[in-house]
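[1] everything below, folded, please.
(one chain, ligands or ions: 1)
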Amino acid sequence: MNFTKSQNIFERAQKVIPGGVNSPVRAFKGVGGTPPFIKKGQGPFIYDEDGNQYIDFVGSWGPLILGHAHPEVVDAVARVLSDGTSFGAPTEREVVLAEMIIDRVPSAEMVRLVNSGTEATMSAIRLARGVTGRDKIIKFDGCYHGHGDSFLIAAGSGAITFGMPNSPGVTTGTAKDTLVAKFNRIDTVNDIFQQHPDQIACVIVEPINGNVGCIPPEGSFLQELKTLCHINGALLILDEVMTGFRVARGGANELYNADADLLTFGKVIGGGFPIGAYGGKREFMEQVSPVGAIYQAGTLSGNPVAVTAGIETLKRLTPTAYLELERLGKLWEDGTQSAIDKDNLPLTIKRVGSMITLFFTDHDIRNLDDVNHCDFEAFKRYFHNMLDAGVYLAPSQYEAGFISLAHDDYLIQKTLEISAQSFAFLKDHQ
Ligand code: HOZ
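    Residues are numbered from 1 along each chain as shown. Next up, the predicted model:
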């Protein structure tokens with residue numbers, strides 16, 4: 001493939017933007033090489049500045065569950081644009097989106113719209129701290145909740161990809177209030193509660209740990225978390241920025257029957273525009289300003305453009321749509337598993353609905369410790385083989401892939417064929 005234009009733009013970009021990108025993973029440092037600079041997207045495809053076409057399984061890291069430039073979403077957004085882009089005053093559309101979220105997620109009895117997943121998680125832990133009068137929070141090793149200071153401790157996503165799970169710049173004072181447990185290991189959460197009685201405001205968790213690849217929760221892990229929280233007077237926050245409206249109509253909260261106290265959302269609810277939301281039980285949400293004393297605000301919050309894209313996206317996520325996403329995901333998983341079994345390849349595939357990750361190890365994956373033992377060199381080689389053959393995957397072993405409703409059987413089969421060729425080198429090494 002020819003990347004000349006991308007290379008030129010990347011060189012310019014690095015002079016004016018740190019690393020040439022506005023979010024670290026995009027720089028391809030986890031896999032090496034030049035990131036294609038994207039010119040446009042249409043349905044399941046993206047096209048770079050050099051005219052290369054890719055089947056896209058990143059989907060803007062999750063929001064584009066309908067695919068790129070869905071015509072009805074684009075039309076609705078265009079109509080709204082001509083009525084003005086922001087008012088800093090309430091609009092009916094915000095109420096519609098809030099009603100749609102609440103209808104789908106009964107644990108969220110009220111929601112507040114913000115502008116990103118990071119804002120949502122920061123606001124949710126502030127609320128939990130305000131409600132409980134406690135300072136400490138528990139998060140999980142490798143879970144990523146955006147770049148708020150309290151979360152850049154043992155963080156996943158770009159932080160772990162670049163080997164900096166604890167960011168410089170986070171003060172010692174902040175860091176000491178974030179306690180870290182291990183995903184799928186309820187005993188580690190229990191130990192922390194024992195060591196810090198009456199000090200923990202909340203446990204925040206990605207119900208599916210999607211920022212170190214896709215790792216589902218085992219058995220009743222989430223319910224046990226909730227029980228532990230309540231025994232210890234803490235709140236359970238499900239961070240559904242990635243999983244919300246992606247893995248089920250009611251998100252992971254519904255899929256795993258979690259009934260969280262607070263939840264955070266983003267990605268899908270903005271249909272490709274910047275948005276976030278946090279919500280939960282009325283008794284807690286009514287403590288948010290201006291009803292209660294816990295402050296949070298935002299000039300562009302409830303922005304009409306993002307809200308419209310979100311409404312139009314959610315409208316199309318019918319029960320049938322989730323069955324289709326599951327069907328496509330299963331097609332990919334089963335095809336990959338057959339290839340693994342046929343040649344006894346050192347690979348493990350994990351999937352929940354339309355979230356999927358191929359891990360370069362033959363060991364089971366339960367949490368970050370297991371991901372850290374993957375063969376990262378083999379992943380890089382696979383990644384570049386896929387990219388060169390026109391399949392755009394997340395450029396890090398520590399990220400999940402996303403299937404959209406714009407993908408179809410033909411594209412999944414084609415991806416499976418390219419994938420089988422792309423990991424053929426593993427056979428030579430056996
Ligand atoms: N934190 C995102 C992946 N889990 C990356 C966001 C981006 O680079 O756009």
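
[2] list the residues that contact the spatially closest residue to I403 that is not a sequence neighbour.
    Spatially, and ignoring its direct neighbours in sequence, I403 is nearest to S354 (4.0 Å; CB to CB, 6 or more residues apart in numbering). From N, CA and C alone the C-beta is placed, and that goes for glycine too. Residues near S354 by CB atoms under 8 Å, 6 or more residues apart in numbering: 65, 246-247, 325-326, 328-329, 402-404.

[3] and which of those is nearest the ligand?
    F402 (10.4 Å; CB to the nearest ligand atom).

[4] beta-bridge partners for F140, please?
    A181 (DSSP bridges).

[5] go ahead and confirm it touches G210.
    No: in this structure, F140 is not within contact of G210 by CB atoms under 8 Å, at 12.0 Å.

[6] neighbour count: these two, which is higher?
    Ranked by neighbour count (other CB atoms under 10 Å), F140 and G210 place G210 first, with 31 against 26.

[7] distance of that one from F3?
    Look at G210 and F3: by CB to CB, to the nearest Å, they are 28 Å apart.

[8] likewise K315?
    38 Å.

[9] would you state the strands of this structure in chain order?
    38-42, 45-48, 53-56, 110-114, 136-140, 178-181, 200-205, 235-239, 262-265, 276-280, 348-352, 355-359, 391-392, 401-402 (DSSP state E).

[10] what helices and strands are in contact with the fourth one?
    To tie it back to what came earlier, the one meant is strand 110-114. Judged by 3 or more CB pairs under 8 Å, 6 or more residues apart in numbering; DSSP states H and E, strand 110-114 is in contact with helix 92-104, helix 117-132, strand 276-280, helix 282-285.

[11] looking at the ones you listed, which is buried most?
    strand 276-280 (a mean of 29; mean count of other CB atoms under 10 Å).

[12] partner strands of that strand, parallel or antiparallel?
    Using DSSP bridges, the strands paired with strand 276-280 are strand 110-114 (antiparallel), strand 262-265 (antiparallel).

[13] run the chain-centre distance for that strand.
    15 Å (CA atoms, centre = their mean, to the nearest Å).

[14] ok and the residue in the stretch 1-150 of the chain nearest the ligand?
    S23 (3.1 Å).

[15] could I get the pLDDT score of F162?
    Looking at F162, its pLDDT stands at 77.

[16] cool, D343 as well?
    93.

[17] separation between the nearest residue to it once chain neighbours are set aside and L314?
    In this structure, D343 finds its nearest non-sequential neighbour in K427, 5.4 Å apart by CB to CB, 6+ apart. In this view, K427 and L314 are 44 Å apart by CB to CB.

[18] list the contacts for the closest residue to N190 other than its chain neighbours?
    Residue nearest to N190 in three dimensions, not counting chain neighbours: L228, with 6.1 Å by CB to CB, 6+ apart. By CB under 8 Å, 6+ apart, L228 lies in contact with 186, 189-190, 193, 203.

[19] distance of L228 from I46?
    Counting by CB to CB, the gap from L228 to I46 is 43 Å.

[20] with N372 instead?
    Distance from N372 to I46, by CB to CB: 30 Å.

[21] next one: G302
    Going from G302 to I46 by CB to CB gives 29 Å.

[22] ok, G276 - contacts?
    Counted by CB under 8 Å, 6+ apart, G276 has contacts 113-120, 241, 264-266, 269-270.

[23] for the ligand, what's the nearest residue on the stretch 51-200 of the chain?
    Closest point on the stretch 51-200 of the chain to the ligand, by CB to the nearest ligand atom, is S157, at 4.0 Å.

[24] returning to that earlier point: burial of the residue lying closest to the residue of the stretch 1-150 of the chain closest to the ligand once chain neighbours are set aside, as a residue count?
    Once flanking residues are discounted, S23 sits nearest to G158: 7.0 Å by CB to CB, 6+ apart. Look at G158: counted by other CB under 10 Å, it has 22 neighbours.

[25] these two touch, right, G158 and V25?
    Yes: assessed by CB under 8 Å, G158 is found in contact with V25 at 4.4 Å.

[26] anything in contact with each of the two?
    S396.
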